[in-house]
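> Build me a model from this:
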Amino acid sequence: MSRVRVDVHTHLGRHGTHVRGPLAEDEIRAWGRVSWDVTVEQHAAAAAAADTSIVLAFDAEPVGVVVPNDYVAAAVAGRPQLIGFASVNPTRPDASYRLADAVEKLGLRGLKLGPTYQHFHPHSKQCLDLLEVANHYELPVIWHQGTTFTRAAVAEYARPVQLDLVARRFPKLRMWIAHFGHPWMAETASVIRRHEHFYVDVSAMDTRPWQLAQALAAAAEYRVLDRVLFGSDFPFSTVEQTVAGLRRAAALCRSLGIADISDNHVDDICSRDALSLLGIDRPTVAVK
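So this is what the prediction gives:
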C-alpha cells in the first residue's frame, strides 16, 4: 500500500458528549450505527497510518455536534504527527474572538467550516468577517461544502459554487473542499481550477466508488488532479480503506474509459505534500 504523507481530514469525539442528536440519531437512521465515537487514543492509533494527520474541531451546535477547540488542542499536544484545526460557527456573536483565541492561546493551525451544518450562508457578512480573521492569521480553511445525511442540515447552503465568491474575495487564502463536494464533483472541480490556492480532498468517498470515479475523472478533465489531497474522514473511514477505494475508483475509470487514472496518479495523491500546499509549517516537538 502507498504510504500516505498527509491525511488532511480526521475527526475525534465521543458519542453522547460531543456528538448528540439530531445528527447522532440521523447517523443511525442512515447507516445503522454511530461511527463518530472515538477516543483520543483510538484516533492517535489510527492516525499512525499516515505521516501527519489534521484533526478537526467542529462547532456545529445546530446539528448537535460540538468538538471543542480546546479538546482538539489537548488531543494533539505532544503528538507532533497531529495538527489541530479550530472550528468556529460564524453566527456566534464572539466568533472572531474565538478564532483568534484558538490560534493565539491554543496553537491551532487552521479553520473548519461547514455551512450546511452550522446554518450560515458562505456569502453572509458573518462568514466573511470570520474569514478576515483567518486571512489575517494565514489559516488554511477546510469547507464541508456538499451533501450530508442529517435532516438538520440546511441543504441550500451546501453547493460548492458558493465558494467562488469567497475565493475571489480572499485570493491568498488557502482553502479546500471536503468529500470532493459530492454529489457535485464536477462543480467542485470547475470552481477550484479558477483559483490558485484552492484544493479538494477525497475523504469518505471510498464508500461511493462510482462517485469517486466520477470525481477523479472530473479532476482529470478540468486538469486539477494536482489539487486533489488525501483525506480519510476517520472514523468514518480509514487510511487503508481510502487508499483501496482510490485504487478501485481508478480501475473503474480505466475499465469504463472515462479517464486514464493510473495507480501512479493514486500514488501521487497519497504522497502529496499537502502541508506545503496549504502553507502549514511541519509540526515540531515542543520543548517543555
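
> In terms of helices and strands, where is Gln42?
helix 40-47 (DSSP states H and E).

> Helix or strand next in line after that helix, which one?
The first helix or strand that comes after helix 40-47 along the chain, using DSSP H and E, is strand 50-56.

> Within the sheet, what are the partner strands of that following strand, with directions?
The pairing partners recorded for strand 50-56 under DSSP bridges are strand 4-11 (parallel), strand 82-87 (parallel).

> ok, back up a step: ok, residues contacting the helix holding Gln42?
With C-beta atoms under 8 Å, 6 or more residues apart in numbering as the test, helix 40-47 has contacts from 7, 10-12, 38, 53, 55, 74-75, 79, 81-82, 234-235, 238-239. Where you see a C-beta, it was placed from the backbone N, CA and C, and this is true even at glycine.

> Pro209: what's it in contact with?
Counting by C-beta under 8 Å, 6+ apart, Pro209 makes contact with 245, 248-249, 252.

> Could you pick out which of these are located in helices?
Applying DSSP state H to the contacts of Pro209, the entries found in helices are 245, 248-249, 252.

> Looking at neighbours, which among those is most surrounded?
Neighbour counts for the ones in helices among the contacts of Pro209, by other C-beta atoms under 10 Å, peak at Ala249, which reaches 26 neighbours.

> Out of the contacts of Pro209, which comes closest to Asp164?
Asp164 lies nearest to Ala249 out of those, by C-beta to C-beta, at 26.0 Å.

> Isn't that closest one up against Ala213?
Yes: applying C-beta atoms under 8 Å, one finds Ala249 in contact with Ala213, separated by 4.3 Å.

> which residues do the two both contact?
Common neighbours of Ala249 and Ala213 (C-beta under 8 Å, 6+ apart) are Ile261.

> Same question for the least confident helix or strand in the chain by mean pLDDT: list its buried residues.
None of the helices or strands of the chain scores lower by mean pLDDT, DSSP states H and E than helix 23-31, at a mean of 90. Across helix 23-31, burial judged by 16 or more other C-beta atoms under 10 Å covers 23-24, 26-27.

> With stretch 95-110 instead?
If you call a residue buried by 16+ other C-beta under 10 Å, then stretch 95-110 has these buried ones: 95-96, 98-103, 106, 108-110.

> Now find how far off-centre stretch 183-195 is within its chain.
Put simply, stretch 183-195 sits 15 Å off its chain's centre (C-alpha atoms, centre = their mean, to the nearest Å).

> Likewise for stretch 172-191?
10 Å.

> And that stretch, end to end?
For stretch 172-191, the first-to-last residue distance is 15 Å (C-alpha to C-alpha, to the nearest Å).

> For that stretch, give the mean pLDDT please.
Taken as a whole, stretch 172-191 has a mean pLDDT of 98.

> can you pull out the strands in the stretch 151-288 of the chain?
Under the criterion DSSP state E, counting those that start in this stretch, the stretch 151-288 of the chain contains strands at 175-177, 198-201, 228-229.

> what sits up against the shortest one?
Under the criterion C-beta under 8 Å, 6+ apart, residues 6, 8, 176, 199-202, 216, 219, 269, 272, 274, 277 lie in contact with strand 228-229.
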